[in-house]
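Visitor: What shape does this take:
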Amino acid sequence: MDFTWSGEQLAIQESARRFAQDKLFPEYQNNDSKHTFDRDMLKEMGGLGLIGSELSERYGGLKLGYVTAGLITEEISRADFNVAYVQILAGLNGGIIEKFAAPHLAEEWIGRIISGESIVAIALTDPSAGSDAANLKLKAERKGDVFVLNGEKTSISAAAQADAAVVFVRTGSEEDKARGVSAFLMPLDNPAIARTHFDDLGESIVGRGSLFFDNVEVPAENMLGEEGLGFIQVMEGFDYSRALIGLQCLAAAKTSVEESWEHVTTREAFGKKISKFEGVSFPLAEAETFIEAAKLLCYKTLWLRDQGKPHTAEVAMCKWWAPKVSFEIIHNCLLAHGHGGYSKDYPIQQGLRDVLGLQIGDGTSQIQKIIIAREKIGRDAMPYL
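Guide: Numbers count the residues shown, from 1 in each chain. Just a heads-up that it's a prediction; the model follows:
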């Protein structure tokens, strides 16, 4: 197995690193009180090829592959955890649109995503569903060439600022479960769509919120995939985005560990640097080990995807383990800073709050473990069958 990156990968990794350190890191803490992305900054990021680099050249992408997208995500997240989510959304939704949308819609939206001009959210969760993602109540009734939507989506990342969303709705009966769910690409500038913003613990500039649909019409041609099969077809994209989420969380943990090494080699207690105490240095050594192991799992998963090989179990491993490990590592880093670590003067507390959300969003650890078990033993691991 070759663990070296190509010259092209190293070049875009370096470009991402410079942009992240020069433009993103200085504003990471300042952005914690904001509830929106800096659109000019996203356009600059897009101009450097750092959004949707894995997407087709036909729509303005670089077709650099999934491992390369992971390298970009990691570098961006080391500086600003929240901005890295733009790249993850671009890869997830851009891939869905590229594969399932009508060609003219793909032409319109993918270029805007890649350039940083537009943000496209993923609107899956219903208020009553949560982890039971296919148990949707938001209904779409067909009337000629349009579908009419009535209902609510909730806990949607970037709901208040997205320009469009991939919206999952029930077009069949509730008895059809997943096979009665369709997906639509929907612009969100319709005045009949109301939005809210949640006051969350972390991920402030991404933000979550609800979308309310009151007799909202969407053209039938905006359907993604086949009617009634949207959930089954489109959910394949999560086999990708969850690996990127793993790297996003691990990068934040790595930044906290680096800050902690610097702290413990300058802070003194009992007449010596506190790095000399094993109770201080050993947890950081363990953190380096866990980060490296989890990163290898994430990159293996992305490599499998680049090779067209099955990776559903591996991506579920990335999603439950990397956020958990990252949160625990950042927590220990905060403690290593002593009473100062509890202050908002340090970015560690912000990293802790930001990473925590991804132990819930995009599938809880329990759901990921069900997926892993299902991949190993099939229906016997499915509690709802």
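
Visitor: quick one: residue 346 and residue 259, what's the gap?
Guide: 8 Å (C-beta to C-beta, to the nearest Å). In short, each C-beta sits where N, CA and C put it, glycine included.

Visitor: ok, then the element right after the host helix or strand of residue 258?
Guide: Residue 258 is located in helix 238-264, with elements delineated by DSSP states H and E. Following helix 238-264 in sequence order, the next helix or strand is strand 268-269 (DSSP H and E).

Visitor: partner strands of that following strand, parallel or antiparallel?
Guide: Strand 268-269 has its sheet partners listed here by DSSP bridges as strand 272-273 (antiparallel).

Visitor: Heading C-terminal from the strand it pairs with, find the next helix or strand.
Guide: Strand 272-273 is succeeded, C-terminally, by helix 278-306 (DSSP H and E).

Visitor: If you count contacts, what does that next one end up packed against?
Guide: Under the contact criterion of 3 or more C-beta pairs under 8 Å, 6 or more residues apart in numbering; DSSP states H and E, helix 278-306 touches helix 66-79, helix 238-264, helix 312-336.

Visitor: Include distance to residue 45 and mean pLDDT when you put these into CSV, please.
Guide: CSV is the format used below for the helices and strands packed on helix 278-306 (distance: least, C-beta to C-beta, whole Å; pLDDT from 0 to 100):
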stretch, distance to residue 45, mean pLDDT
helix 66-79, 8, 98
helix 238-264, 15, 96
helix 312-336, 23, 97
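
Visitor: would a markdown table of these with distance to residue 34 and mean neighbour count be doable?
Guide: A markdown table is the format used below for these (distance: least, C-beta to C-beta, whole Å; neighbours: other C-beta atoms under 10 Å):
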| stretch | distance to residue 34 | mean neighbour count |
| --- | --- | --- |
| helix 66-79 | 16 | 26 |
| helix 238-264 | 18 | 25 |
| helix 312-336 | 21 | 23 |
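
Visitor: CSV for these, including distance to residue 342?
Guide: Shown next, in CSV, are those (distance: least, C-beta to C-beta, whole Å):
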stretch, distance to residue 342
helix 66-79, 23
helix 238-264, 14
helix 312-336, 7
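
Visitor: so where do the helices sit in the stretch 101-250 of the chain?
Guide: Using DSSP state H, counting those that start in this stretch, the helices assigned to the stretch 101-250 of the chain run over residues 103-115, 230-234, 238-264.

Visitor: Thanks a lot, catch you later.
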